[in-house]
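K.L.:
Dropping the sequence and predicted coords here.
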Amino acid sequence: MADLSFEFFPPRTAAGAKPLLRAAKALLERRSAWCSVTYGAGGSTRDGTFETVSALREAGIDVAPHLSWGRDSEDDVVRLLDRYTAMGIHRVVALRGDRPSGVGNAWQGHYAEDLVRLIRRRVPAPIEISVAGYPEVHPDAPSSGADLEFLKRKLDAGAEVCITQYFYNADAYFDFRDRCQAAGIFAPIVAGIMPITNYRNLVRFSDKCGAEIPRWLRHRLAELDGDDEALADFGADVVTGLCQRLLEGDVSGIHFYTLNRAAPTLRVLGNLGL
């Protein structure tokens with residue numbers, strides 16, 4: 001059975017902390033699973049990420065903080081990791097992270113490969129490191145081959161798991177997994193899945209991160225825009241079918257991008273009998 005994991009982001013207000021915790025508990029009580037907490041562009045949610053991770057740990061939840069290096073010093077990154085390991089954290093998701101708004105090409109942060117090497121060199125505690133992969137190619141990559149090489153370098157540096165960007169074409173995942181194996185990458189390739197609940201937000205997210213919404217799906221969602229119930233029903237059917245194909249294809253795991261809402265993911269899990 002494929003492993004399950006769930007991504008959350010730090011709430012923007014104190015009032016959002018309790019609903020997030022309820023959502024995490026509702027998802028994680030269904031079976032042994034873990035969750036991750038995002039880390040804003042340039043470390044913009046550093047404190048919020050730490051507070052959210054702390055609250056989830058206090059609730060007994062297995063949680064992995066996202067982390068990027070950005071412009072912090074090595075010592076700053078290591079001190080943060082030491083704080084995490086002191087609270088029992090044994091996983092992290094190492095990312096380059098988004099460039100902070102407005103910096104453009106002037107951004108001088110470190111890449112995920114650099115962060116993985118730093119963790120393996122400076123942090124003595126045992127930590128499982130996950131990194132990102134892109135079945136439909138990272139928008140900044142010059143080619144699919146170069147993108148695959150970047151992933152291999154992250155794993156060769158000491159990462160152990162790849163979590164993909166979300167996608168809606170199962171063949172893109174299977175092709176990516178085959179290309180990884182041909183390139184000598186045998187780490188688990190966990191499929192990132194985004195439940196569909198809002199057409200316009202999904203288009204905005206997807207256009208920004210390079211995730212493709214197949215043309216047929218984009219048209220159907222556009223037709224249903226404004227009818228929240230019909231769109232949610234259709235979206236749940238689409239994502240359930242996608243996950244079913246992945247499970248039948250022996251996917252290593254499924255990582256749900258929850259947007260801090262339990263119900264859409266729970267609906268898919270219920271459809272799948274999970």
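P.N.:
Cool, the structure landed. Numbering: from 1, shown residues only.
K.L.:
Next one: residue 83 from residue 175, what distance?
P.N.:
Using CB to CB, to the nearest Å, we find residue 83 at a distance of 40 Å from residue 175. C-beta here means a position set from N, CA and C on the backbone, and glycine is covered the same way.
K.L.:
which stretches of the chain form strands?
P.N.:
Along the chain, counting by DSSP state E, strands occupy 3-8, 34-37, 63-67, 91-94, 128-133, 161-166, 189-193, 253-257.
K.L.:
Make CSV from these and add distance to residue 152 and mean pLDDT to it.
P.N.:
Listed next are the strands of the chain as CSV, based on distance: least, CB to CB, whole Å; pLDDT from 0 to 100:
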stretch, distance to residue 152, mean pLDDT
strand 3-8, 22, 95
strand 34-37, 22, 96
strand 63-67, 21, 96
strand 91-94, 15, 97
strand 128-133, 10, 98
strand 161-166, 10, 98
strand 189-193, 12, 98
strand 253-257, 20, 97
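K.L.:
Surely residue 139 touches residue 209?
P.N.:
Yes - counting by CB atoms under 8 Å, residue 139 touches residue 209, with 6.9 Å between them.
K.L.:
Quick check: buried residues in stretch 142-152?
P.N.:
Residues 144, 147-148, 150-152 are the ones in stretch 142-152 that count as buried (16 or more other CB atoms under 10 Å).
K.L.:
In PDB, list the C-alpha atoms belonging to it.
P.N.:
What follows is stretch 142-152, C-alpha atoms only, in PDB (Å, rounded to 0.1, in the frame of the first residue of the first chain):
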ATOM      1  CA  PRO A 142      16.500  24.400 -19.800                       C
ATOM      2  CA  SER A 143      15.400  20.900 -20.800                       C
ATOM      3  CA  SER A 144      13.800  17.800 -19.400                       C
ATOM      4  CA  GLY A 145      17.200  16.100 -19.400                       C
ATOM      5  CA  ALA A 146      18.800  18.900 -17.400                       C
ATOM      6  CA  ASP A 147      15.900  18.900 -15.000                       C
ATOM      7  CA  LEU A 148      16.400  15.100 -14.400                       C
ATOM      8  CA  GLU A 149      20.100  15.700 -13.800                       C
ATOM      9  CA  PHE A 150      19.300  18.300 -11.200                       C
ATOM     10  CA  LEU A 151      17.100  15.800  -9.400                       C
ATOM     11  CA  LYS A 152      19.900  13.100  -9.600                       C
END
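K.L.:
now what about that stretch, what contacts it?
P.N.:
Under the criterion CB atoms under 8 Å, 6 or more residues apart in numbering, residues 113, 131, 133-134, 137-138, 141, 162, 179-180, 183-185 lie in contact with stretch 142-152.
K.L.:
so of the buried residues of stretch 142-152, which ones are in helices?
P.N.:
With helices taken from DSSP state H, the overlap with the buried residues of stretch 142-152 comprises 144, 147-148, 150-152.
K.L.:
of all those, which comes closest to residue 62?
P.N.:
Within these, the smallest distance to residue 62 is 24.6 Å, found for residue 151 (CB to CB).
K.L.:
For residue 256, give the beta-bridge partners.
P.N.:
Beta-bridge partners recorded for residue 256 (DSSP bridges): residue 6, residue 193.
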